[in-house]
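1. Sequence unavailable; structure follows:
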């Protein structure tokens with residue numbers, strides 16, 4: 001088991017229970033404290049009760065989608081202490097713009113490798129204000145990465 005340099009409180013929000021559980025296990029193996037929610041109302045409640053440092057949030061969920069959850073979190077009282085990450089199969093340029101407008105700090109396109117997640121949690125990038133960051137193998141990957149915008153191979157989740 002690897003131990004994280006900085007133990008983080010991480011909320012994972014995904015309507016696919018197996019995907020959420022696998023990501024949770026990865027985070028726990030790195031020494032992070034985790035909580036999982038499978039829909040919007042549960043995610044909002046978990047932020048209030050669990051008080052995470054990071055939220056990895058799927059966008060394509062039924063009912064309240066990830067954009068709406070992000071907007072509500074952005075306007076909430078815990079927002080200033082929360083690093084909000086879109087973790088989704090949606091990777092077109094319009095998806096990145098919608099993430100930025102909704103208040104995400106970072107937009108990651110699935111699949112994301114474990115080393116990238118580890119680096120992100122150890123040393124998060126500066127909060128994005130103009131554009132949403134992208135990771136393919138490095139948290140500092142420029143927007144010109146193959147995972148940024150216009151990728152026809154990205155599957156919606």
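-> That came in fine, so what should we check first? Since the model is a prediction, treat every value here as computed from it, not as a measurement.

2. Sort out which residues of stretch 36-55 are buried, please.
-> Buried residues in stretch 36-55, defined by neighbour count with 16 or more other Cβ atoms under 10 Å: 36-37, 40, 42-44, 46-47, 50, 52-55. Placement of C-beta: from N, CA and C, glycine included.

3. Equivalent analysis for stretch 119-128, please.
-> Neighbour-count burial for stretch 119-128 [16+ other Cβ under 10 Å]: 119, 120, 121, 124, 128.

4. Need the nearest residue in space to the fourth one, chain neighbours excluded.
-> Taking Cβ to Cβ, 6 or more residues apart in numbering, and ignoring the residues beside it in sequence, residue 124 has residue 83 as its nearest neighbour in space, at 5.4 Å.

5. So the one you found is in contact with residue 125, correct?
-> No: with contact defined as Cβ atoms under 8 Å, residue 83 does not reach residue 125; the gap is 9.1 Å.

6. pLDDT below threshold where in this structure?
-> 1-5, 78-80, 127-157 (pLDDT under 70).

7. longest helix of the protein?
-> Counting residues, the longest helix in the chain under DSSP state H turns out to be helix 17-29.

8. partner strands of the helix or strand that comes right after that one, parallel or antiparallel?
-> Following helix 17-29 in sequence order, the next helix or strand is strand 33-37 (DSSP states H and E). Strand 33-37 pairs in its sheet with strand 9-13 (parallel), by DSSP bridges.
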